[in-house]
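1. missing the sequence, but the structure's below:
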């Protein structure tokens, strides 16, 4: 029976008869046979073209069979060729020596052809199966190697002490090292110093069987000292040899996911802060609005009393003190309105680099020598802003920075530059509209802000300073100013590493008309015209009535919009001017103005309010309202505005 695979057999024997017999028999069985007459010839033939099996006689000239076999087994490329001795030497010593030289079998002469065929076939089949197994093993090993090297995750084998056995390409890419560098690295070198002890303890627990698998999501240290967030899964591979276990570590890059999570938390924090500030602002502005009416009554009657007292009256000085205190209270209310973004500002197109430089010049003269100032102020595009308010922002943020460094000194860094905000590149600036901005950055090297306090710093009256260092309105006012200018402010800090504030103010391309109706008279002039005044606050209405009458005007008061409309429908030509509050129950000031102008188009209207989100100066002017004044109304401004509007109206009528 011929074998399925044609095998090549080399026979070495110095006896031609033996060669002929074996050759004829083996070729008849389908084998490819080559012959050699001595050991040297046999070895040369084998090295030139290795056969699948070698049959050697022992006694041959120049080189015996033992020597040929030994030479084959010492050659790495030939050592796996099976060797069968065919010899007339039957002593056990000869057989033992043959096996010691590496032979797989020993056939005594004279031999039986069937026995030779059976043994040759058996050893060739064994050799064939071994080659198949090696090929399969090599194929499996090659697949494992390719899978290991080209896996989309980092894979490493590590010893108990954390040293590395092998790493794949992705593992190197994630951590930024070359493969050969891991020969001198330890797993502890890849984590922060304060985490090394924990990592070592986890490895010990894994190898000791106390932990089945290690799962970690942590920041690993790359070769360039930057950190990268990875998910690490570590399990133990046990081998047949005790003490040769190794850990299989799978490293997955989750940096993008972690960064996205950080951005999401920033956005959620900004939303929570905005909602909290909105709620606080609504409460504070509501209280301030009512307080403004009370202040208006105090200031109005104080002005009225001062006007009526003789110049030498001792009470005049007392009343002036009352007026001064009331004015300070009014300024405080204006701060609250600003922090709640409930107050109109006088804005014009300005370049804020001049304002920042001016503010820094003032600071340099007042800051102590142990506070260093570093600046980088670039020329920037104009913004629509109130210069006084921007100056206040710079001074307030720099003053806060000084207070943070007051004990140990440090460096105050102020920069101003152009910054483009793109939709695809927005991270912490996600609340900004894409476009060009002036970016003002103010940093200090002080004590920093604790994380749980960072999100509260823009709340009104929230402060971490001692009582003599501030009221807690500073950052709240800054926040209000920036938001009122269409911008955004961000705070970044780590405790013990200082703080950084970034102020974004949107650039403009063309000049926008500034608000009108901001007259302020010097001499107080009155008149004799008939005025209709509307306000839902009884005390404020009485005060304004008395104040206007003191200026000579005839005044009719109405406590709400419905009552005022009734009077105007009844006698539309009776009044020369309408003065109305904006915020009233029922019909508000804007609705009242629209209805009045439909009935009496030529009647001038003055609107005043503590605050209003529903209307501003420009909107009021478009509606036909002649002036828009903030409460509490200053007597001189009210008198000047009235005279300007009434005189202008008379000129138009005549």
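-> Perfect, thanks for sending it. It should be emphasised that the depicted structure is a prediction, and the values quoted were computed from it without experimental measurement. Numbering: from 1, shown residues only.
2. Against residue 168, how distant is residue 146?
-> The gap separating residue 146 from residue 168 is 10 Å, by C-beta to C-beta, to the nearest Å. C-beta coordinates here come from the backbone N, C-alpha and C atoms, glycine included.
3. Which neighbours do the two have in common?
-> Here residue 146 and residue 168 have no joint contacts, going by C-beta atoms under 8 Å, 6 or more residues apart in numbering.
4. These two: which has the busier surroundings?
-> When residue 146 and residue 168 are compared on other C-beta atoms under 10 Å, the one with more neighbours turns out to be residue 168, at 21 against 10.
5. List phi and psi for that one.
-> With angles defined as degrees, to the nearest 10, residue 168 shows backbone torsions of phi -100, psi 180.
6. so what pLDDT did it get?
-> If you check residue 168, the pLDDT there is 90.
7. Check residue 424 too.
-> 59.
8. Strands of the stretch 1-150 of the chain, residue ranges please.
-> In order along the chain, the stretch 1-150 of the chain carries the following strands (DSSP state E, counting those that start in this stretch): 8-12, 32-36, 53-56, 83-87, 105-108.
9. okay, those strands in TSV with distance to residue 62 and mean pLDDT next?
-> Supplementary listing: these in TSV, determined by distance: least, C-beta to C-beta, whole Å; pLDDT from 0 to 100:
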stretch	distance to residue 62	mean pLDDT
strand 8-12	12	92
strand 32-36	11	91
strand 53-56	14	92
strand 83-87	17	90
strand 105-108	22	88
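10. Can you tell me which of these is nearest to residue 502?
-> When these are compared by C-beta to C-beta, strand 8-12 sits nearest residue 502, at 81.5 Å.
11. Run the angle between that closest one and strand 83-87 for me.
-> Relative orientation of strand 8-12 with respect to strand 83-87: 40 degrees, computed using axes from the mean of the first three to the mean of the last three C-alpha atoms, to 10 degrees.
12. if we can go back for a sec, looking at the strands of the stretch 1-150 of the chain, which is buried most?
-> Neighbour counts averaged per stretch over the strands of the stretch 1-150 of the chain are highest for strand 53-56, at a mean of 26; criterion: mean count of other C-beta atoms under 10 Å.
13. quick one: contacts of it?
-> Residues contacting strand 53-56 (C-beta under 8 Å, 6+ apart): 7-13, 22, 39, 42, 46, 65, 68-69, 72, 81-86, 103, 120, 123-124, 127.
14. if we go to 6 Å?
-> When contacts are taken as C-beta atoms under 6 Å, 6 or more residues apart in numbering, the neighbours of strand 53-56 outside the stretch itself are 9-12, 65, 68, 81-86, 124.
15. Hmm, residue 299 is touching residue 326, no?
-> Yes: using C-beta atoms under 6 Å, residue 299 and residue 326 qualify as a contacting pair, with a distance of 4.8 Å.
16. So those two - more neighbours on which side?
-> Neighbours of residue 299 and residue 326, each counted by other C-beta under 10 Å, are more numerous for residue 299; the result is 24 against 20.
17. Now do the same contact list for the more buried one.
-> Going by C-beta under 6 Å, 6+ apart, residue 299 touches 326, 632.
18. Could you pull out the helices in the stretch 551-654 of the chain for me?
-> With helices called from DSSP state H, counting those that start in this stretch, the stretch 551-654 of the chain shows them at 561-570, 589-599, 617-623, 635-653.
19. In TSV: the strands of the stretch 1-150 of the chain, plus distance to residue 475.
-> Listed next are these as TSV, based on distance: least, C-beta to C-beta, whole Å:
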stretch	distance to residue 475
strand 8-12	92
strand 32-36	95
strand 53-56	92
strand 83-87	92
strand 105-108	95
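20. And these: which comes nearest residue 607?
-> Taking C-beta to C-beta as the criterion, strand 8-12 is the member of the strands of the stretch 1-150 of the chain that comes nearest to residue 607, at 112.4 Å.
21. and the angle from that closest one to strand 32-36?
-> Between the axis of strand 8-12 and that of strand 32-36 there is an angle of 20 degrees, by the same axes, to 10 degrees.
22. Which strands or helices does strand 8-12 pack on?
-> For strand 8-12, the helices and strands in contact under the criterion 3 or more C-beta pairs under 6 Å, 6 or more residues apart in numbering; DSSP states H and E are helix 16-28, strand 32-36, strand 53-56.
23. Could you export those as TSV, including distance to residue 295?
-> Putting the helices and strands packed on strand 8-12 into TSV (distance: least, C-beta to C-beta, whole Å) gives the following:
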stretch	distance to residue 295
helix 16-28	123
strand 32-36	117
strand 53-56	115
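24. Which one of those lies nearest to residue 267?
-> With C-beta to C-beta, the closest approach to residue 267 among the helices and strands packed on strand 8-12 belongs to strand 53-56: 76.1 Å.
25. Just checking: what are the partner strands of the closest one?
-> Here the strand partners of strand 53-56, with direction, are listed using DSSP bridges: strand 8-12 (parallel), strand 83-87 (parallel).
26. Show me the one of the strands of the stretch 1-150 of the chain that comes nearest residue 368.
-> Distances from residue 368 to each of these were compared using C-beta to C-beta; the minimum, 95.6 Å, belongs to strand 83-87.
27. just how off-centre is that closest one within its chain?
-> Here the centre of strand 83-87 is set off from its chain's centre by 77 Å, with C-alpha atoms, centre = their mean, to the nearest Å.
28. picking that back up, with respect to residue 621, which of the contacts of strand 53-56 is nearest?
-> The shortest distance between residue 621 and any of these, using C-beta to C-beta, involves residue 81 and amounts to 106.7 Å.
29. Neighbours of that closest one, how many?
-> With neighbours defined by other C-beta under 10 Å, the count for residue 81 comes to 20.
30. List the residues that contact it.
-> If a contact means C-beta under 6 Å, 6+ apart, then residue 81 has residue 54 as its contacts.
31. of the strands paired with strand 53-56, which approaches residue 194 most closely?
-> When the strands paired with strand 53-56 are compared by C-beta to C-beta, strand 83-87 sits nearest residue 194, at 63.9 Å.
32. re the thing from before, distance to residue 586 for the strands paired with strand 53-56 - can I get that in CSV?
-> As requested, the strands paired with strand 53-56 are exported to CSV (distance: least, C-beta to C-beta, whole Å):
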stretch, distance to residue 586
strand 8-12, 113
strand 83-87, 116
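33. what's the closest of the ones you listed to residue 554?
-> Distance to residue 554, taken as C-beta to C-beta, is lowest for strand 8-12 among these, at 132.9 Å.
34. contacts for the closest one?
-> Contact partners of strand 8-12, identified using C-beta under 6 Å, 6+ apart, comprise 19, 22, 26, 31-36, 42, 51-56.
35. Which secondary structure element is home to the residue nearest the centre of the chain?
-> The centroid of the chain falls nearest to residue 263 when counting by C-alpha atoms, centre = their mean (4.3 Å). In this structure, residue 263 is located in helix 255-308 according to DSSP states H and E.
36. Number of residues surrounding residue 581?
-> When neighbours are counted by other C-beta under 10 Å, residue 581 comes out with 25.
37. Likewise for residue 496?
-> When neighbours are counted by other C-beta under 10 Å, residue 496 registers 9.
38. Tell me who's in contact with the nearest residue to it once chain neighbours are set aside.
-> Distances taken as C-beta to C-beta, 6 or more residues apart in numbering place residue 448 nearest to residue 496, at 5.3 Å, with adjacent residues excluded. By C-beta under 6 Å, 6+ apart, the residues touching residue 448 are 493-499.
39. quick one: which of the residues you listed sit in strands?
-> By the criterion of DSSP state E, membership of these in strands covers 493, 499.
40. quick one: which two of the contacts of residue 448 are the most distant?
-> 496 and 499 (10.7 Å).
41. so where's the stretch 351-500 of the chain shaky on pLDDT?
-> Residues of the stretch 351-500 of the chain that meet the criterion pLDDT under 70 lie in 365, 423-431, 452, 460-474.
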